[in-house]
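>>> Sharing a sequence plus its predicted fold:
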Amino acid sequence: MERNTQLLLITCPRRWPRLPPLGEACLKSYLDSNGIHTDVLDMNNYCYSFVNDELKRLWELPVYPMLSDALWDHLMLRYKGEFQNILRAIIDHPAQTIGLSIWHSAEKFSHKLAKYVRENAPLKRIIAGGPSVTLSSLEKNLSKTDKFIYADHCIAGEGEYKMLRYLTKKETNNVNKNDFKESDADSLPAPDYTQIYPRAYRYPRTRPVWMSRGCVRRCAFCVEHTLSKRYRQKSPELMVSELRDLYERQGIQHVIFYDSLINGNIVLFERFLDLLIDSRLPMKWEGQLLIRSDMPERVYHKMKPAGCYNLFVGLESGCDRILSIMKKGFSTKDAQKSFATCREAGLHFEVSMIAGFPGETEADFDATCEFMCDNASIIPKMAQINPFIPLSGSPVVRQGDGEVQCPPKDVVRRRIERLVALCKSNGIAVTNAYVNNLIAQTAGFDVINGTMIE
């Protein structure tokens, strides 16, 4: 920590604790390269490291509102010493600006931290950004809402350019829903994970990385296109150079591409694979693959030699009518061909599924079940299956003015149970923990004991 540090970025609980945060690492790298000395405090990782095993288990539940709401109070009550140490470090930090990347699961904690900073270091400025701010900006002018009233400034969308403008006094107006500016991919330096982790991560030799931002599709249920307005991909030469640096200088052996899709630009993706093969880097990677009818088979066959050990594929439905309504951009025939080619290329992949999309009939879901049965020999795993979840800012929600008509919950529950049983009986692997894992836990949380209340 340098005394002239200008910005402290804080990752608040509760977020995925096994890997360092990619967004904050990207911001640090960009700002440092532009003369803004930046520190990152992964408060999520720090707090996760000192709680007991039961709370660690609950921490990793994706959607547990009662825990998110009560976590601050529980840490202050049961882990007061270590918790106050980190709070004191924030107050004593020389940076006069604090940046909070806010996710839905960390909103309440972020608000309480901001209140604490206001009371104990009133001269510090607070900047709020992240997915929660971006999605809220689509609905209203954030300079007029009280949702982020504690913030001196809000930033929607990607934060590098806007954060730099604000910190160099070139931008003083608060963000509004039309206020987006995105840099070209090659102008953004590699994520900087130095000074980011106060405690060891569960996967010490793995790091998240990005090769592209945005998405080439506009799926009806997704909000990715609201977080990044346009699709951009790094040059293959730059991406391979970043991976080589991670391996040779930092000892990283695995990377996870957090991109919405790794094959948005097939020409650049194939060039990346060729360069990675030629580099002979013994690095393994995984990412999300888009089903594309225009992707040559030779590209699939280059992925495993280039180090790919797993792919995540958003299939979502095995019914052509529903895929069309979802605006997925592919057919079941395209999916079948893609899966068969993955199989031939020796690639392991797993698919995600959505049950109960608006308009889905029993006949539509029958078609999905039939597709999975017919292709059980080439689909290794169903990664997850969840009911349709209406996300604010998604096309289907906007088109319905916030109202969507879905099949009854008990009908959707039975469909999910049916598909899970069918997959298991046909040899398709299913991880039970990822069935309905995006549904909010309704259980309460015991603030004193740190346990779930059924």
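Right, received. Where do you want to start?
>>> and residue 416, what helix or strand is that in?
Under the criterion of DSSP states H and E, residue 416 resides in helix 409-425.
>>> ok now that helix, how far from the chain's centre?
Averaging C-alpha positions (C-alpha atoms, centre = their mean, to the nearest Å) puts helix 409-425 26 Å from its chain's average.
>>> and it, what does it pack onto?
strand 349-355, helix 362-374, strand 381-387, strand 429-430 (3 or more C-beta pairs under 8 Å, 6 or more residues apart in numbering; DSSP states H and E). Glycine gets a C-beta too; all of them are placed from N, C-alpha and C.
>>> Out of the ones you listed, which is the most enclosed?
Highest mean neighbour count among these (mean count of other C-beta atoms under 10 Å): strand 349-355, with a mean of 22.
>>> Can you list the strands that it pairs with?
Using DSSP bridges, the strands paired with strand 349-355 are strand 308-316 (parallel), strand 381-387 (parallel).
>>> Give me the contacts around the last one.
Under the contact criterion C-beta atoms under 8 Å, 6 or more residues apart in numbering, strand 381-387 has outside partners 312, 348-356, 372, 406, 409, 412-413, 416, 419-420, 423, 428-431, 434-439.
>>> Next secondary structure after it?
Using DSSP H and E, the helix or strand that follows strand 381-387 in sequence is helix 395-399.
>>> Might you report the residue contacts of residue 199?
By C-beta under 8 Å, 6+ apart, the contact set of residue 199 is 45-46, 48-50.
>>> from the residues you listed, which would you call buried?
The neighbour count (16 or more other C-beta atoms under 10 Å) marks 45-46, 48-49 as buried among the contacts of residue 199.
>>> nearest to residue 93, of those?
Using C-beta to C-beta, residue 46 is the member of those that sits closest to residue 93, with 13.7 Å.
>>> ok, residue 159 - contacts?
Residue 159 sits next to 23, 27, 99, 101, 129 when contact means C-beta under 8 Å, 6+ apart.
>>> Now do the same for residue 157: its pLDDT.
The model reports residue 157 with a pLDDT of 85.
>>> which SS class is it?
Counting by DSSP: H, G, I helix; E, B strand; the rest coil, the backbone at residue 157 sits in coil.
>>> Any idea how many residues pack against residue 53?
Neighbour count of residue 53, defined by other C-beta atoms under 10 Å: 7.
>>> cool, residue 423 as well?
Residue 423: 22 neighbours (other C-beta under 10 Å).
>>> For the helix holding residue 416, give me every contacting residue.
For helix 409-425, the surrounding residues in contact (C-beta under 8 Å, 6+ apart) are 353, 355-356, 365, 368-369, 372-373, 376, 382, 385-388, 406-407, 429-430, 435-436.
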